[in-house]
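1. Sequence and computational prediction follow.
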Amino acid sequence: MYRKGFETYSYYGPLNWITFNVGYHNEHHDFPAVPGSRLPEVKRIASEFYDNLPQHNSWVSVLYDFVMDPDIGPYARIKRKHKGLAS
């Protein structure tokens, strides 16, 4: 379910209907100013960028893995090097 090199995943299942499209996670990160109600349209317009990305098929599975897998959790995230300001 989790692939190395990908920081975030989207979920395109029916729960988006009752969660205000919170599953359109990649789209949200690419276009944070776009309202959630328009994120499905972003995916439709730019499907060539999103269709081949890994995605979650089940929120239950995501929650299970988050709780049970020691390699996944709030402290197991990609850390970027801080570039800082050039002096």
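-> Yes, it's here.
2. What ranges does this protein have for its strands?
-> Using DSSP state E, the strands assigned to the chain run over residues 10-11, 55-56.
3. ranking those by burial, who's on top?
-> Most buried of the strands of the chain by mean neighbour count (mean count of other CB atoms under 10 Å) is strand 10-11; its value is a mean of 20. (Each C-beta comes from the backbone N, C-alpha and C, glycine too.)
4. partner strands of that one, parallel or antiparallel?
-> strand 55-56 (parallel) (DSSP bridges).
5. what does the strand it pairs with contact?
-> Contact with strand 55-56 is made by Met1, Tyr9, Ser10, Tyr11, Tyr12, Gly23, Val62, as judged by CB atoms under 8 Å, 6 or more residues apart in numbering.
6. Nearest to Ser47 among the residues you listed?
-> Nearest to Ser47, judged by CB to CB, of those is Tyr12 at 11.0 Å.
7. and the lengthiest helix in the chain, how far from the chain's centre?
-> Counting by DSSP state H, the longest helix found in the chain is helix 59-68. On the basis of CA atoms, centre = their mean, to the nearest Å, helix 59-68 sits 14 Å off its chain's mean C-alpha point.
8. Extract the CA atoms of it and return them as PDB.
-> Once non-C-alpha atoms are left out, helix 59-68 reads as follows in PDB (Å, rounded to 0.1, in the frame of the first residue of the first chain):
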ATOM      1  CA  TRP A  59      -9.700   3.800   4.400                       C
ATOM      2  CA  VAL A  60     -10.100   0.900   6.800                       C
ATOM      3  CA  SER A  61      -6.900  -0.600   5.500                       C
ATOM      4  CA  VAL A  62      -5.100   2.800   5.800                       C
ATOM      5  CA  LEU A  63      -6.100   3.100   9.500                       C
ATOM      6  CA  TYR A  64      -5.200  -0.500  10.200                       C
ATOM      7  CA  ASP A  65      -1.700  -0.100   8.700                       C
ATOM      8  CA  PHE A  66      -1.200   3.200  10.600                       C
ATOM      9  CA  VAL A  67      -2.000   1.600  13.900                       C
ATOM     10  CA  MET A  68      -0.300  -1.900  13.300                       C
END
